[in-house]
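Engineer: Coordinates only, no sequence provided:
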């Protein structure tokens, strides 16, 4: 059994508590225009050429490893449970000392749910804390099986209007809400997160719908993830257009206004995540 992984990130402190290792699964059913990891969307291995680094020496035609400038980059590789176990256990001392663990991210982890379930089982055998980052767009049955081996679910709520969610990001908001509620019935600590994207998720009606949904499910905390432009260059590598145009990251003042308004509704607000 193998999964398509596009990155492993160590020493993260914002994705589940403590010092964590992030395993990024490749493939996502959504197509969020603001996605900061566009290389995560395809379920295929992708090879790209960074034109600014290319010397046109043609050595890469023989092998990517022969490229003298690193202009050829490959996104994605298939990894087995044993290979990932080896990578995860390298950082066990940091998990133990900080209360950290392993977070499965993406892409969307539910697209490779069978592998993810086996990986979480294996991680739990070593007593390591587990988390996932998910949009909730996937099999309810697989998610509930996954929940048996989970401590935390970082659950993204993006666009709540059914029609807009389908048109803009390809999401089934009814399924996302259903899976959110199912997780709440498990022993998993569910943390709702909202990516604050100007022109997409930040209009007051959408935020009010998210607030109402969180409150009706008796949660007291919400995490806000401010927009950033860190992934824009990746679209150039992939020869794709970056759809959000002429939008700027929110100022501290704008973020604080949103924070204060949500807090006035009785929710605790964390900006930036764990």
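Structural biologist: Happy to help now that I have it. Note that the structure is a prediction, hence the values are computed from the model and not measured. Numbers count the residues shown, from 1 in each chain.
Engineer: Who are the packing partners of the longest strand seen in the chain?
Structural biologist: The longest strand of the chain (DSSP state E) is strand 2-12. Secondary-structure packing of strand 2-12 (3 or more Cβ pairs under 8 Å, 6 or more residues apart in numbering; DSSP states H and E): strand 20-25, strand 77-80, helix 81-89, helix 113-125. C-betas here are computed from N, CA, C, even on glycine.
Engineer: Name the stretch among the ones you listed that sits most buried.
Structural biologist: Greatest average neighbour count among those goes to strand 20-25 (a mean of 25), per mean count of other Cβ atoms under 10 Å.
Engineer: And the helices and strands packed on strand 2-12: which comes nearest residue 194?
Structural biologist: Evaluated over the helices and strands packed on strand 2-12, closeness to residue 194 peaks at strand 20-25, with 19.9 Å, by Cβ to Cβ.
Engineer: still on that earlier bit, out of the helices and strands packed on strand 2-12, nearest to residue 252?
Structural biologist: Ranking those by proximity to residue 252 (Cβ to Cβ) places strand 20-25 first, at 26.2 Å.
Engineer: Can you list the strands that the closest one pairs with?
Structural biologist: If you go by DSSP bridges, strand 20-25 pairs up with strand 2-12 (antiparallel), strand 101-105 (parallel).
Engineer: and the residue nearest to residue 235 when sequence neighbours are not counted, how many neighbours?
Structural biologist: Nearest non-adjacent residue to residue 235, counting by Cβ to Cβ, 6 or more residues apart in numbering: residue 242, 4.3 Å away. Residues lying near residue 242 (other Cβ atoms under 10 Å) number 17.
Engineer: repeat for residue 138
Structural biologist: 21.
Engineer: Confirm it sits in a strand?
Structural biologist: No. Counting by DSSP: H, G, I helix; E, B strand; the rest coil, residue 138 is not part of a strand but coil.
Engineer: From what I see, it and residue 182 are in contact.
Structural biologist: No. In this structure, residue 138 is not within contact of residue 182 by Cβ atoms under 8 Å, at 11.6 Å.
Engineer: wait, what's in contact with residue 148?
Structural biologist: Each residue near residue 148 by Cβ atoms under 8 Å, 6 or more residues apart in numbering is listed here: residue 186.
Engineer: and stretch 39-46, how far apart are its ends?
Structural biologist: Taking Cα to Cα, to the nearest Å, stretch 39-46 runs 8 Å from one end to the other.
Engineer: Give me the buried positions along it.
Structural biologist: The neighbour-count check on stretch 39-46 (16 or more other Cβ atoms under 10 Å) flags 39-42, 46 as buried.
Engineer: Tell me how far that stretch lies from the chain's centre.
Structural biologist: Centroid displacement of stretch 39-46 relative to its chain, using Cα atoms, centre = their mean, to the nearest Å, is 14 Å.
Engineer: Stretch 32-51 too?
Structural biologist: With Cα atoms, centre = their mean, you get 14 Å for stretch 32-51.
Engineer: what's the span of it from first residue to last?
Structural biologist: With Cα to Cα as the measure, stretch 32-51 spans 25 Å from end to end.
Engineer: just the strands in the stretch 151-274 of the chain please.
Structural biologist: 152-156, 189-196, 221-226, 268-271 (DSSP state E, counting those that start in this stretch).
Engineer: Pick the most buried one from the ones you listed.
Structural biologist: Ranked by mean neighbour count, those are led by strand 152-156 with a mean of 22 (mean count of other Cβ under 10 Å).
Engineer: Provide a list of residue ranges in the stretch 101-250 of the chain with pLDDT below threshold.
Structural biologist: Along the stretch 101-250 of the chain, no part satisfies pLDDT under 70.
Engineer: Nearest residue to residue 55 in space, please, no chain neighbours.
Structural biologist: Using Cβ to Cβ, 6+ apart, the closest residue to residue 55 is residue 69 (5.8 Å).
Engineer: Which secondary structure state does that neighbour sit in?
Structural biologist: coil.
Engineer: And the one 4 residues further on, by the same measure?
Structural biologist: Per three-state DSSP, the secondary structure class of residue 73 is strand.
Engineer: contacting residues for it?
Structural biologist: Residues counted as contacts of residue 73 (Cβ under 8 Å, 6+ apart) are 47-50, 237.
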